[in-house]
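Undergrad: Give me a model of this one.
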Amino acid sequence: MPPTPQLREAIKPGEPPFWLRVPTDQKVAFITIDDGGLARPEDVPAFIRSAGIPVTMFLNSPAATAHTDYFKEIEAAGGVVENHTISHRSLPGLSYSSQKHEICGSADKLEQLFGKRPTLFRPPFGDHNDTTMTVAHECGAKAVFYWSETVDKGIVRYQTPEKILHPGDVLLMHFRPALMDDLLAALKAIHKAGLTPALLEDYVG
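TA: Here you go, the predicted model:
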């Protein structure tokens, strides 16, 4: 496994920070769901609505285009759509113009589909360089995100040895067949740590 990137604040005027966790002392954690093209379990929108779970969806724009109604269901239940590029390519090594196409092109399409321009960005695989950060700012991002924990097949995988969530942690999962199991595991871990799920956007800017 590659080393976890380090949290950094903006190093240039106007550049967004890159966060593994949100810098807050409030007892909250954040559920984020990526991609959107592989699977969209039918029971997820109703579960999110009934449980009142705030989620942030970092979507690839082709998946959002192909399955807009599904993601709008989650949006109506309290979810928010944010940017995860067009093609899910690793961005470092791409030219400025190619990164701008991936990031701004996706933001433009998501704004067209959902009526709100994304203000948060997660680069595919968390990979980024200085060009990524510059372009993310130019495309409207207020913050760029990695993650504190991952959740897959109902198992929370911690990045730290103590294996407990901390205030501000960001949990990453994906739109995969086992997403319901992942949501339940994330909620269990959040509550075990004495935290409450919160909406990422409410703690940025």
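
Undergrad: Can you tell me, leaving aside adjacent residues, what's nearest to residue 204?
TA: residue 143 (4.8 Å; CB to CB, 6 or more residues apart in numbering). C-beta here means a position set from N, CA and C on the backbone, and glycine is covered the same way.

Undergrad: List the contacts of that neighbour.
TA: 16-19, 119-121, 204-205 (CB atoms under 8 Å, 6 or more residues apart in numbering).

Undergrad: Could you point out which of the residues you listed is nearest to residue 155?
TA: Nearest to residue 155 out of the contacts of residue 143 is residue 19 (CB to CB; 23.6 Å).

Undergrad: shouldn't that closest one be in contact with residue 169?
TA: No - between residue 19 and residue 169 there is no contact under CB atoms under 8 Å: 10.6 Å.

Undergrad: coming back round to it: only whichever of the contacts of residue 143 are buried, select them in ChimeraX.
TA: Applying 16 or more other CB atoms under 10 Å to those leaves a buried subset, and the ChimeraX line that selects it is:
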select :16,17,18,19,119,120,121,204
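
Undergrad: Reformat the contacts of residue 143 into CSV and put pLDDT next to each item.
TA: Listed next are the contacts of residue 143 as CSV, based on pLDDT from 0 to 100:
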residue, pLDDT
16, 94
17, 94
18, 95
19, 95
119, 98
120, 98
121, 98
204, 93
205, 74
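
Undergrad: from the contacts of residue 143, which is closest to residue 91?
TA: Residue 91 has its nearest neighbour among those in residue 121, at 10.3 Å by CB to CB.

Undergrad: Tell me the bridge partners for the closest one.
TA: Per DSSP bridges, the residues bridged to residue 121 are residue 83, residue 144.
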